[in-house]
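K.L.:
For reference, the sequence and a predicted model appear below.
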Amino acid sequence: MENTLGLEIIEVVEQAAIASAKWMGKGEKNTADQVAVEAMRERMNKIYMRGRIVIGEGERDDAPMLYIGEEVGICTQPNAEALCNPDELIEIDIAVDPCEGTNLVAYGQPGSMAVLAISEKGGLFAAPDFYMKKLAAPPAAKGKVDINKSATENLKILAECLDRAIDELVVVVMKRDRHNDLIKEIRSAGARVQLISDGDVGAALSCGFAGTNIHALMGIGAAPEGVISAAAMRALGGHFQGQLIYDPEVVKTGLIGESKEANLERLKSMGINDPDKVYDAHELASGETVLFAASGITSGNLIEGVRFFNGGARTQSLVISNQSKTARFVDTIHMFGEPKSLQLF
Ligand SMILES: O=C(COP(=O)(O)O)[C@@H](O)[C@H](O)[C@H](O)[C@H](O)COP(=O)(O)O
Ligand SMILES: [Mn+2]
Ligand SMILES: [Mn+2]
């Protein structure tokens, strides 16, 4: 599966990133998202597979989306029988965020990317586009920090695991009212807080690599981004835990369903009977083969964004595999027609 799909999924995220980057800085969040969704769908539909979106965003805020349950890939097309041999059919589950950080793209801010995770059927946690409480930390702290512990306790553990003083730690938190108490607690424990407006996949991913100066992600973001982050962190050996948040009171945005009760029903209908369960990376991305791919739209601290030149563009992507145990940075020059020259930098 990795060999067959590894290269194809790079192209999926590259195409989405290029489409979205054309709308960088134009103040049109929905268009930046829409074109990424369309480019991702179009490229996915050229892959020899029977793919199914198991978790994706857009439901909460009515944004453009690849919807949950949508089938993608050549073998799901109306003429599939003529094109696909059922005996060698690859059935794939996919978690997507074609434009992670739509505001970042619309306002020309760093850290947006086109991102997805894939696994064999059943290998990714299927949930609605709810919120998720998250804790991400570097591999050295895996299984030692715990989302059920307080931020203060976790910072002490993290400091020990990373052999640093607490005031040398940087914790990324999304700048939201729901995090005001968390931010106060982290600061009074002595650590430093990096507030981000959007883009918690990039923050979780940064915990998987040393040298990013990001040592933890704490707080509540969206569930699809949680599953995608978990796929990457599982393969990187980092720590990731997520707990679904289904009570609109907790997130204070009014963007998830009418009520806690209705949300609990929705979870039940998807087979989630223990709504408060804390999932670790291996449960959110449980497949034998798990692949993560991201392509920068605007530059972040791990990957560069799309750089256009006359007649082409250069992209940088990151593909992580739990099978080959690789984190591959892929630089690509894309030629649109016949460019006069190919721009290296
Ligand atoms: O910042 C984010 C927005 O993602 P997108 O809509 O794809 O541009 C994500 O990284 C967050 O995980 C999440 O969607 C966000 O925290 C949702 O919370 P809120 O903005 O408070 O509704
Ligand atoms: Mn997102
Ligand atoms: Mn998005």
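P.N.:
Arrived safely, thanks for sending. Ligands and ions are numbered 1, 2, ... in the order given.
K.L.:
looking at it, Gln343 is touching His334, isn't it?
P.N.:
No. Using Cβ atoms under 8 Å, Gln343 is not in contact with His334, being 10.8 Å away. Just so you know, the C-beta spots here come from the backbone N, C-alpha and C atoms, and that holds for glycine as well.
K.L.:
Common neighbours of these two, please.
P.N.:
Gly312, Arg314 (Cβ atoms under 8 Å, 6 or more residues apart in numbering).
K.L.:
and Lys340, what does it touch?
P.N.:
Asn310, Gly311.
K.L.:
Which helix or strand contains it?
P.N.:
Following DSSP states H and E, there is no helix or strand that holds Lys340.
K.L.:
And the pLDDT at it?
P.N.:
In this model, Lys340 is scored at 85, pLDDT.
K.L.:
Same check on Glu2?
P.N.:
Note for Glu2: predicted pLDDT of 65.
K.L.:
How many neighbouring residues does Ser188 have?
P.N.:
For Ser188, the neighbour count with other Cβ atoms under 10 Å is 10.
K.L.:
Could you pull up the contacting residues of the nearest residue to it once chain neighbours are set aside?
P.N.:
Spatially, and ignoring its direct neighbours in sequence, Ser188 is nearest to Thr152 (7.9 Å; Cβ to Cβ, 6 or more residues apart in numbering). The contact partners of Thr152, by Cβ under 8 Å, 6+ apart, come to Glu185, Ser188, Ala189.
K.L.:
Do you have the helices of the stretch 51-200 of the chain handy? List them.
P.N.:
Using DSSP state H, counting those that start in this stretch, the helices of the stretch 51-200 of the chain run over residues 80-83, 102-106, 151-162, 180-189, 200-207.
K.L.:
Select, out of the ones you listed, the one closest to Pro248.
P.N.:
When those are compared by Cβ to Cβ, helix 180-189 sits nearest Pro248, at 17.5 Å.
K.L.:
interface residues of the stretch 1-150 of the chain facing ligand 1?
P.N.:
Proximity of the stretch 1-150 of the chain to ligand 1 is confined to Glu57, Asp97, Cys99, Glu100, Gly101, Thr102 under the rule Cβ under 6 Å from any ligand atom.
K.L.:
which element is the residue lying closest to the first one once chain neighbours are set aside on?
P.N.:
In this case it means Glu57. Distances taken as Cβ to Cβ, 6+ apart put Pro224 closest to Glu57, at 4.5 Å, once the chain neighbours are dropped. Per DSSP H and E, Pro224 falls inside helix 223-236.
K.L.:
do that helix and ligand 3 meet?
P.N.:
No. Helix 223-236 stays clear of ligand 3 (Cβ under 5 Å from the ion), getting no nearer than 8.2 Å.
K.L.:
What is the subsequent helix or strand relative to that helix?
P.N.:
Sequence order places strand 239-245 as the next helix or strand after helix 223-236, per DSSP H and E.
K.L.:
Name the residues that touch that next one?
P.N.:
With Cβ under 8 Å, 6+ apart as the criterion, strand 239-245 contacts 127, 130-139, 141-147, 204, 207, 220, 223, 226-227, 229-230, 233-234, 251, 256, 267, 272, 275-281, 284.
K.L.:
Which pLDDT value does the model give the nearest residue to Ser317 once chain neighbours are set aside?
P.N.:
Spatially, and ignoring its direct neighbours in sequence, Ser317 is nearest to Ser295 (4.1 Å; Cβ to Cβ, 6+ apart). pLDDT, Ser295: 98.
K.L.:
what about Ser295, which SS state?
P.N.:
Three-state assignment for Ser295 (DSSP: H, G, I helix; E, B strand; the rest coil): strand.
K.L.:
For Arg187, grab the count of nearby residues.
P.N.:
Neighbours around Arg187, by other Cβ under 10 Å: 13.
K.L.:
make that Thr212, sorry
P.N.:
By other Cβ under 10 Å, 18 other residues sit near Thr212.
K.L.:
just checking, it touches Leu302?
P.N.:
Yes. Checked against Cβ under 8 Å, the pair Thr212 and Leu302 is within contact range at 6.9 Å.
K.L.:
Pull up the overlap in contacts between these two.
P.N.:
With Cβ under 8 Å, 6+ apart as the test, Thr212 and Leu302 both reach Ser206.
K.L.:
need the residues of the protein near ligand 3, please.
P.N.:
Residues of the chain lying near ligand 3 (Cβ under 5 Å from the ion): Asp97, Cys99.
K.L.:
and if we set it to 8 Å?
P.N.:
By Cβ under 8 Å from the ion, the part of the chain that sits against ligand 3 consists of Asp33, Ala36, Glu57, Gly58, Ala63, Asp97, Pro98, Cys99, Glu100, Gly101, Thr102.
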